[in-house]
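Visitor: Next input, structure requested:
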Amino acid sequence: MFQDAMKKETGPALVLDFTEVDYIDSAGLGALVAAHVGAQRAMRKLAFAGMNTQVKALLDMTHVSELFKTYPTVKDAEAALTPS
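Guide: Predicted structure coming up:
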């Protein structure tokens, strides 16, 4: 479902809100990497917001965090993606 929704997204920028996500497994991690690759191919900006410490730790431990721009809040992410 997540991957289908990502494929349908066509805007120039996208913020994924993780405030309600408690945990990500390996399949979820793979889906995030696929979302990153898809955004790069489409030349779309992608940011992640509101990750809890457990999710952030998984991304850091697997070095996947180096691929993503993460922000504490959706508002922070939107501000970073909005051209000045």
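
Visitor: Select the longest helix from this structure.
Guide: helix 26-41 (DSSP state H).

Visitor: Look up how far residue 27 lies from residue 74.
Guide: Using C-beta to C-beta, to the nearest Å, we find residue 74 at a distance of 24 Å from residue 27. Just so you know, the C-beta spots here come from the backbone N, C-alpha and C atoms, and that holds for glycine as well.

Visitor: Which parts of this structure are strands?
Guide: Along the chain, the segments classed as strands by DSSP state E run 13-17, 45-49, 69-71.

Visitor: I'd like the ones you listed as TSV, with distance to residue 3 and mean neighbour count appended.
Guide: Output for these, formatted as TSV (distance: least, C-beta to C-beta, whole Å; neighbours: other C-beta atoms under 10 Å):
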stretch	distance to residue 3	mean neighbour count
strand 13-17	13	18
strand 45-49	14	21
strand 69-71	20	17
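
Visitor: who wins for proximity to residue 56 among those?
Guide: Among those, the nearest to residue 56 by C-beta to C-beta is strand 69-71 (7.1 Å).

Visitor: in its sheet, what does the closest one sit against?
Guide: Strands adjacent to strand 69-71 in the sheet, as given by DSSP bridges, are strand 45-49 (parallel).

Visitor: Report the mean per-residue pLDDT for the partner strand.
Guide: Taken as a whole, strand 45-49 has an average pLDDT of 94.

Visitor: Identify the residues contacting it?
Guide: Contacting residues not belonging to strand 45-49 are listed as 12-19, 32, 35-36, 39, 68-74, 76-77, 80-81 [C-beta atoms under 8 Å, 6 or more residues apart in numbering].

Visitor: what stretches of the chain score poorly on pLDDT?
Guide: 84 (pLDDT under 70).

Visitor: ok so, going back, the longest helix of the chain: how far from the chain's middle?
Guide: 8 Å (C-alpha atoms, centre = their mean, to the nearest Å).

Visitor: tell me what that helix is packed against?
Guide: helix 2-8, strand 45-49, helix 53-61 (3 or more C-beta pairs under 8 Å, 6 or more residues apart in numbering; DSSP states H and E).

Visitor: Swap in 6 Å and give it another go.
Guide: helix 2-8 (3 or more C-beta pairs under 6 Å, 6 or more residues apart in numbering; DSSP states H and E).
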